[in-house]
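Enquirer: Any chance you could fold what I've pasted below:
(chains A and B)
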Amino acid sequence: MLPLTPPQTVGPFFAILVPERGALTLASSDASGPRAAVEGSVRDGVGHPVPDALIEVWQANADGHFNHPEDPASPGPQTGFDGFGRIHADADGAFAIETIMPGSVPGPENTPQAPHLVVGLFARGLLTRLVTRIYFENDPLNADDPILTMLPADRRSTLIATELAPGRYHFDVVLQGPGETVFFDV
Amino acid sequence: MPETVRPLDRYRRPPASSLPSNDTPAYRSTAFRHPTHPLVVIPQTLSEITGPVYGDGPIAPADSDLTQQHPNPPLGERIIIEGRILDEHERPVPRTLVEVWQANAAGRYAHAADTHDAPLDKNFGGAGRTVTDATGHYRFVTIKPGAYPWPNHDNAWRPPHVHFSVFGQSFLTRLVTQMYFPGDPLLSLDPVFNAIPSERGRQRLIALFDLDVTQPGRALGYRFDIVLRGRDSTPTGL
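Expert: Numbering: from 1, shown residues only, chains lettered A, B, ... in the order given. You can find the predicted model right below:
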């Protein structure tokens, strides 16, 4: 076995690689499926915005499938959507993601997972990537989701985006302190 | 309802010794940014085992040669960085996106927020990308970045480094790291580098000077192999 290459912080200057800030179009308007928009911000332990956060999102298509060789029902290349996007938070630590609502993906023992976005978070001051998920308020599958039900009841809500209007959601990432977002070891 | 899926191998969990803690007081920016709750261990599902399939996008030659992106060559010591992207089992990771970004030779980034009083170089943007070949090999041509001061502690200087971003074949293999140069006296003083718990892990981030990579009369060569998470040897169901 080879020893792993350890991670290091993304630092404050990754914008020379990822110049786009604030608004991410993960699925264009011609992508297949109902639309979903998630807006929110990243904040630190004293409530300050994290303007140098890099947010990466990976998600299934509307049928719950991934364009990836290990999805047995991989749809292959799709119009206006490949499941991945990344965005540099804006000066207020805010982000807005335009996408399609992901379908249900099988979980452990084939239990259905509620629709979710998989999120990777990088920032100055984070030496190792943080991993979390964004679920969607009012989805009937949330109650039995195999990952959400692993969490203490009082922390589940940190992973559930609140529904502002049909298809429009709000989700804040809190790195530390009261309301701290659940982060995963996966 | 999801259909039945075949059993998938999981990825090995990284040993703690390979991961720098987000709670690293010597690196001051971690103070209010590290989670205080322990990470919640969850099973790997299809959502995490899959990941963005990059590598088929168009890559122009200048994308991996940071000295060819402007009308004139940048100032600085021209270098070649090449290596392989492998998994823990020494299997190559082919056709995966590798991205880099870095400061110029004077130690300044082409970024509005970099206020270091060092000259910008209009012939150096400092970002590049390439895709590994079938053997996991990649290669960049660039200039050696300079050291630069930062406000972490009194007289703090970051050692020269090149930021690397690698995807691999899964959301779980995603890696953002930094490559350092051998023999650098700033390494032992750097809280970012020294946040890596194990000596073996730290050594992974130091490129090797390699005369075989060096191009005679043109550029010094460094070898930097990157090892991503590999499969668990035990196949399991989802």
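Enquirer: Now residue 89. Nearest residue, chain neighbours left out?
Expert: I'll assume chain A. In space, and not counting its chain neighbours, A:Ala89 is closest to A:Ala53: 4.2 Å by C-beta to C-beta, 6 or more residues apart in numbering or on different chains. (C-beta placed from N, C-alpha, C; glycine too.)
Enquirer: hmm, I had chain B in mind actually
Expert: Take B:His89 and drop its neighbours on the chain: the residue closest to it by C-beta to C-beta, 6+ apart is B:Gly230, 4.7 Å away.
Enquirer: quick one, what contacts the one you found?
Expert: Listed by C-beta atoms under 8 Å, 6 or more residues apart in numbering or on different chains, the contact set of B:Gly230 reads A:Met1, B:Tyr11, B:Arg12, B:Asp87, B:Glu88, B:His89, B:Arg91.
Enquirer: Buried subset of those, written for ChimeraX?
Expert: Burial among those is assessed by 16 or more other C-beta atoms under 10 Å in any protein chain shown; the matching ChimeraX selection reads:
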select /B:11,12,87,88
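Enquirer: Enumerate every residue touching B:Ser170.
Expert: A:Glu70, B:Tyr11, B:Glu48, B:Ile49, B:Thr50, B:Gly51, B:Arg229.
Enquirer: so the second one makes contact with B:Gln44?
Expert: To tie it back to what came earlier, the one meant is B:Tyr11. Yes. Between B:Tyr11 and B:Gln44 there is a contact under C-beta atoms under 8 Å: 6.4 Å.
Enquirer: joint contacts of those two?
Expert: Counting by C-beta under 8 Å, 6+ apart, the shared contacts of B:Tyr11 and B:Gln44 are B:Leu172.
Enquirer: for the residue nearest the centre of chain A, helix, strand, or coil?
Expert: Of all residues in chain A, the one closest to the mean position by C-alpha atoms, centre = their mean is A:Val119, 3.1 Å from it. Recorded secondary structure, A:Val119: strand (DSSP: H, G, I helix; E, B strand; the rest coil).
Enquirer: Only the buried residues of the helix of greatest length in chain B, if you could.
Expert: Assignment by DSSP state H gives helix B:199-204 as the longest helix of chain B. Going by neighbour count (16+ other C-beta under 10 Å), the buried part of helix B:199-204 is B:Gly201, B:Arg202, B:Arg204.
Enquirer: ditto for stretch A:157-175
Expert: Neighbour-count burial for stretch A:157-175 [16+ other C-beta under 10 Å]: A:Thr158, A:Leu159, A:Ile160, A:Ala161, A:Tyr169, A:Phe171, A:Asp172, A:Val173, A:Val174, A:Leu175.
Enquirer: Looking at these, which is nearest chain B?
Expert: Nearest to chain B among the buried residues of stretch A:157-175, counting by C-beta to the nearest C-beta, is A:Leu175 at 5.0 Å.
Enquirer: Not counting residues beside it along the chain, what's closest to the residue nearest to the centre of chain A?
Expert: What sits nearest to A:Val119 in space, not counting adjacent residues and going by C-beta to C-beta, 6+ apart, is A:Thr132, at 4.9 Å.
Enquirer: Tell me, how many residues neighbour the one you found?
Expert: As a burial measure, A:Thr132 scores 22 neighbours (other C-beta atoms under 10 Å in any protein chain shown).
Enquirer: And A:Asp90, by the same measure?
Expert: Neighbour count for A:Asp90, taken as other C-beta under 10 Å: 16.
Enquirer: One more: A:Gln8?
Expert: There are 24 residues near A:Gln8, going by other C-beta under 10 Å.
Enquirer: sec struct for it, please.
Expert: Classified using three-state DSSP, A:Gln8 is coil.
Enquirer: buried ones in stretch A:78-89?
Expert: A:Gln78, A:Phe81, A:Asp82, A:Gly83, A:Phe84, A:Gly85, A:Arg86, A:Ile87, A:His88, A:Ala89.
Enquirer: distance between that stretch and the chain's centre?
Expert: 11 Å (C-alpha atoms, centre = their mean, to the nearest Å).
Enquirer: so what pLDDT did B:Gly237 get?
Expert: B:Gly237 is assigned a predicted lDDT (pLDDT) of 45.
Enquirer: next one: A:Met101
Expert: pLDDT at A:Met101 comes out at 98.
Enquirer: and what of B:Leu208?
Expert: The model's pLDDT for B:Leu208 equals 98.
Enquirer: Spit out the contact partners of it.
Expert: Counting by C-beta under 8 Å, 6+ apart, B:Leu208 has contacts B:Pro182, B:Tyr222, B:Arg223, B:Phe224.
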